[in-house]
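Engineer: sequence unknown, structure follows:
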């Protein structure tokens, strides 16, 4: 039990938080492409993405895993993104810093979502079997993760070029 929650309850809460973060993040990403600030949804994305990484550390573990490293990197990137957005108001170099750090954090969440989908969804697991504790592997898994990576690189570059905030309070 962690924080008075059973492991299944903690897992459910973590998954819900993660899905909210991803959904809000994707809307924010497409908003950046249209040069829309969306302050409320952006705050939701940042908060729930921070909570996703933080709740990941509540699961029992005996050694530092790749998921923990991704969580640590994501939290550092999110701290920079929040500072760029709320502290520096996206002035000057802080606009692209925010875009890149926020979108890499979103990418990490989607990257983990893909891994978890291949581990938990039987049809996907059959396409890319995993041998625990290793993550899924094989050509199908690699192609899917490659498509996700290209998607994020292209849209992050697009957001960098197109997002020109009028004012972000």
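Structural biologist: Arrived safely, thanks for sending. For clarity, every value in this text was computed on a predicted model and none was experimentally measured.
Engineer: helices along the chain, start to end?
Structural biologist: With DSSP state H, the ranges of helices along the chain come out as 7-33, 39-56, 66-82, 94-120, 122-127, 139-162.
Engineer: what packs against the third one?
Structural biologist: To tie it back to what came earlier, the one meant is helix 66-82. helix 39-56, helix 94-120 (3 or more Cβ pairs under 8 Å, 6 or more residues apart in numbering; DSSP states H and E). (C-beta placed from N, C-alpha, C; glycine too.)
Engineer: could these go into JSON lines alongside mean neighbour count?
Structural biologist: Putting those into JSON lines (neighbours: other Cβ atoms under 10 Å) gives the following:
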{"stretch": "helix 39-56", "mean neighbour count": "20"}
{"stretch": "helix 94-120", "mean neighbour count": "20"}
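Engineer: so which of these is nearest residue 16?
Structural biologist: Closest to residue 16 of the helices and strands packed on helix 66-82, according to Cβ to Cβ: helix 39-56, at 9.3 Å.
Engineer: would you mind pulling the contact partners of the closest one?
Structural biologist: 10, 13-14, 17-18, 20-21, 24-25, 27-28, 31, 67-68, 71-72, 74-75, 78, 81-82, 85, 102, 105-106, 109, 168-169 (Cβ atoms under 8 Å, 6 or more residues apart in numbering).
Engineer: please repeat the previous calculation with a cut-off of 7 Å.
Structural biologist: Under the contact criterion Cβ atoms under 7 Å, 6 or more residues apart in numbering, helix 39-56 has outside partners 13-14, 17-18, 20-21, 24-25, 27-28, 67, 71, 74-75, 78, 81-82, 105-106, 109, 168-169.
Engineer: stretch 13-24 too?
Structural biologist: Stretch 13-24 is contacted by residues 41, 44-45, 48-49, 51-52, 55-56, 109-110, 113 when judged by Cβ under 7 Å, 6+ apart.
Engineer: how about 8 Å then?
Structural biologist: Contacts of stretch 13-24 from elsewhere in the structure, counted by Cβ under 8 Å, 6+ apart, are 5, 41, 44-45, 48-49, 51-52, 55-56, 58-59, 106, 109-110, 112-113.
Engineer: ok, stretch 66-76 next?
Structural biologist: Residues lying outside stretch 66-76 but in contact with it, judged by Cβ under 8 Å, 6+ apart, are 49-50, 52-54, 56-57, 61, 104-105, 108-109, 111-112, 135.
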